[in-house]
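A.B. asks: Predicted structure and sequence below. I'll ask about it afterward.
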Amino acid sequence: MNYIDYTDIEFLLIAGAIYLFIAATVAKIGTYRACGGIKAFIISIILTPVIGIIYALISPQKHLIKTVHYRCPNCGLEYVSKHKYCPSCAKEEKYCRLVKVSMKTY
């Protein structure tokens, strides 16, 4: 009698999903490193996630620069220095408070 054991197929699907999840986690670690997330993900898939983690952790970190800008919700202009109200809108006697916008660049 020839039958398919579905428990083996379910086990393989679950194991494959876990493997891909771990590889995606390694890719997330790699995005903050010089190696990059895609490269870390590919190495984790082809080799193993353990090798991918080692590869990502050996790679030097990217230099993260955090900048803060202040944007006017009315006119859309951005300023580097903090103002109480938008200088451009204040000339037209509209007093709009600026919204703080944080940006991260590599």
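C.D. replies: Received, thanks. Numbering: from 1, shown residues only.
A.B. asks: ranges for the strands of the chain?
C.D. replies: 65-71, 78-79, 99-105 (DSSP state E).
A.B. asks: by contact count, what packs against the shortest one?
C.D. replies: To tie it back to what came earlier, the one meant is strand 78-79. Judged by 3 or more Cβ pairs under 8 Å, 6 or more residues apart in numbering; DSSP states H and E, the packing partners of strand 78-79 are strand 65-71. In short, each C-beta sits where N, CA and C put it, glycine included.
A.B. asks: Go through the helix ranked longest in the chain and flag the buried ones.
C.D. replies: Longest helix in the chain by number of residues (criterion: DSSP state H): helix 6-31. With burial defined by 16 or more other Cβ atoms under 10 Å, the residues of helix 6-31 counted as buried are 22-23, 25-27, 29-30.
A.B. asks: pLDDT and distance to A56 added to the residues you listed, as a markdown table?
C.D. replies: Listed next are the buried residues of helix 6-31 as a markdown table, based on pLDDT from 0 to 100; distance: Cβ to Cβ, whole Å:
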| residue | pLDDT | distance to A56 |
| --- | --- | --- |
| I22 | 95 | 12 |
| A23 | 95 | 11 |
| T25 | 94 | 10 |
| V26 | 94 | 6 |
| A27 | 94 | 8 |
| I29 | 92 | 5 |
| G30 | 92 | 4 |
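A.B. asks: so what are the domain limits for this structure?
C.D. replies: 6-58, 65-105 (automatic domain parsing).
A.B. asks: Would you point to the one among those domains that's packed deepest?
C.D. replies: Of all the domains of the chain, domain 6-58 has the most neighbours on average by mean count of other Cβ atoms under 10 Å, namely a mean of 15.
A.B. asks: what about the closest residue to S81 other than its chain neighbours, distance to T105?
C.D. replies: Nearest residue to S81, sequence neighbours excluded (Cβ to Cβ, 6 or more residues apart in numbering): Y70, at 7.6 Å. Shown here: Y70 relative to T105, a distance of 17 Å by Cβ to Cβ, to the nearest Å.
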